[in-house]
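Peer 1: Build me a model:
(chains A, B, C and D)
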2 protein chains.
Amino acid sequence: MQASAIRRVRGRVAVLKALAHPVRVQLIEQLSRGERCVCEIHAIVGSDLTTVSKHLSVLKSAGLVSDERRGQQVFYTLLVPCLNSFVECVDAVVSRRLSEALEARGMTLEATKR
Amino acid sequence: MQASAIRRVRGRVAVLKALAHPVRVQLIEQLSRGERCVCEIHAIVGSDLTTVSKHLSVLKSAGLVSDERRGQQVFYTLLVPCLNSFVECVDAVVSRRLSEALEARGMTLEATKR
DNA sequence: GCGATATTTGACATTTTCGCCAAATAGTTT
DNA sequence: AAACTATTTGGCGAAAATGTCAAATATCGC
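Peer 2: As a prediction, this is how the structure comes out:
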């Protein structure tokens, strides 16, 4: 494989790894609605504050968010709006997988509502 | 957080984790060009055959590819065309990050060509 | 059925990632 | 500068992901 291809793969993996964690998915989801300070995010996702901070720094290292201090608080902003279309794609995979799993058992989504 | 939100996050993470690996990124890239048998993929990516097989099964479990045996060979097909637009988004992040890193050193992409 | 080729699976050591605690840093208020 | 709030960082054990070897399974041609 060529050197440029190796770099391309590494770059993609760096971004994907940054996204592939439950807390970080929540962070992206929150930030897609607008900037938030760490304390707000902490209140929403519920994880330990230091854990949230570390996950935010992972997103920052990957170039997905930026941070800005204002007074005592640090606000994070999502830098990558195109992530939203990706999330839709991922959700489509998820829902397709779900309906196929149900079909395999002779069920439908309707049948699961009680 | 609501139960539906938890499921949504878990689903997204399952797909993202499946994507976040160098070998699997290569597999997706190859399969985006058309179906391939395991032996072809093995020849292209170079990793151990059993490793390739396991990574393919990870993609399959995530619902991203399907497999079909024809004779002695098993062919894998990419099920998620929308992944391509996502990859473009990821690449955009990567290249932006690269150019910013260069700017921070007072360089440009042109200046790096020798 | 037997040997050859293609692929998957199980087991296991190694590496990576994660979460939480304690401690450090930054800014505000008094 | 001391007290207080907000956030980050270092360290470390626990959990998850990874790669490889050996063995199992599947299909084909003889």
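Peer 1: Once you drop chain neighbours, what's closest to residue A:31?
Peer 2: residue A:78 (4.0 Å; C-beta to C-beta, 6 or more residues apart in numbering or on different chains). The C-beta positions use only the backbone N, C-alpha and C, and glycine is treated the same way.
Peer 1: Which pLDDT does the model give the one you found?
Peer 2: Each residue has a pLDDT score; the one for residue A:78 is 95.
Peer 1: do the same with the one 4 residues further on
Peer 2: If you check residue A:82, the pLDDT there is 78.
Peer 1: Residue A:105 now?
Peer 2: 66.
Peer 1: Ok, residue A:21 next?
Peer 2: Note for residue A:21: predicted pLDDT of 96.
Peer 1: Compute the distance between it and residue A:49, please.
Peer 2: Plainly put, residue A:21 is 17 Å away from residue A:49 if you go by C-beta to C-beta, to the nearest Å.
Peer 1: More neighbours: these two, which one.
Peer 2: Comparing residue A:21 with residue A:49 by neighbour count (other C-beta atoms under 10 Å in any protein chain shown), the higher total belongs to residue A:21, at 18 against 12.
Peer 1: how near is the more buried one to DNA strand D?
Peer 2: Distance from residue A:21 to DNA strand D, counting by C-beta to the nearest atom of the strand, to the nearest Å: 10 Å.
Peer 1: In contact with the residue nearest to residue A:31, which residues are there?
Peer 2: A:28, A:31-32, A:35, A:64-65 (C-beta atoms under 8 Å, 6 or more residues apart in numbering or on different chains).
Peer 1: contacts with DNA strand C among those residues, please.
Peer 2: Applying C-beta under 7 Å from any atom of the strand to these, one finds that nothing falls near DNA strand C.
Peer 1: who wins for most neighbours among those residues?
Peer 2: Neighbour max across these (other C-beta under 10 Å) = residue A:64, 24 neighbours.
Peer 1: Nearest residue to the middle of chain A?
Peer 2: residue A:25 (2.6 Å; C-alpha atoms, centre = their mean).
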